[in-house]
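Trainee: sequence and predicted structure are below.
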Amino acid sequence: MKLPDVFQQLTIFFHQDLDPEYDTPEELVHNALYSYSPAERQALKDYMKELTDGRYDETQLREIWLKSKAEVLPFWGDEGSCVEFLKYLRKLVEQDVPPEK
């Protein structure tokens with residue numbers, strides 16, 4: 001499965017130096033979306049909806065995340081939930097509101 005470029009552009013922000021670079025997840029998502037066109041934002045929202053609408057299970061979503069450009073896993077081991085993380089990420093993408101400082 002080839003992942004959409006708009007998703008890859010977002011996941012590249014999840015790299016090993018993530019913690020000191022952004023104070024909040026909202027800040028990371030807002031910065032990632034800064035260069036997206038309105039059409040790209042909509043394509044990302046549509047893909048995030050597809051990922052979280054129930055058609056993929058936890059194992060499949062983890063495989064998708066591992067195929068992305070992300071260098072870190074924002075969920076850990078069996079106790080972490082990729083499903084819940086992607087739902088949270090979807091919410092941030094849909095809101096796309098600059099974080100408060």
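Mentor: That came through fine. Residues are numbered from 1 along each chain as shown.

Trainee: check which helix or strand the residue nearest the centre of the chain maps to.
Mentor: The central residue of the chain, meaning the one whose C-alpha is nearest the mean C-alpha position (C-alpha atoms, centre = their mean), is Leu89 at 5.0 Å. Leu89 belongs to helix 82-95 when elements are defined using DSSP states H and E.

Trainee: what is that helix packed up against?
Mentor: In terms of contacts (3 or more C-beta pairs under 8 Å, 6 or more residues apart in numbering; DSSP states H and E), helix 82-95 is packed against helix 25-33, helix 38-52, helix 58-67. From N, CA and C alone the C-beta is placed, and that goes for glycine too.

Trainee: at 10 Å what do you get?
Mentor: Contact here means 3 or more C-beta pairs under 10 Å, 6 or more residues apart in numbering; DSSP states H and E; on that basis helix 82-95 packs against helix 5-11, helix 25-33, helix 38-52, helix 58-67.

Trainee: buried ones in it, by neighbour count?
Mentor: Burial within helix 82-95, assessed by neighbour count using 16 or more other C-beta atoms under 10 Å, is assigned to 82-83, 85-86, 89-90, 92-93.

Trainee: any chance of the helices and strands packed on helix 82-95 in a markdown table, plus mean neighbour count, distance to Phe75 and mean pLDDT?
Mentor: Output for the helices and strands packed on helix 82-95, formatted as a markdown table (neighbours: other C-beta atoms under 10 Å; distance: least, C-beta to C-beta, whole Å; pLDDT from 0 to 100):
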| stretch | mean neighbour count | distance to Phe75 | mean pLDDT |
| --- | --- | --- | --- |
| helix 5-11 | 19 | 13 | 94 |
| helix 25-33 | 18 | 13 | 81 |
| helix 38-52 | 15 | 14 | 94 |
| helix 58-67 | 15 | 8 | 93 |
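
Trainee: nearest to Asp17, of these?
Mentor: helix 25-33 (11.7 Å; C-beta to C-beta).
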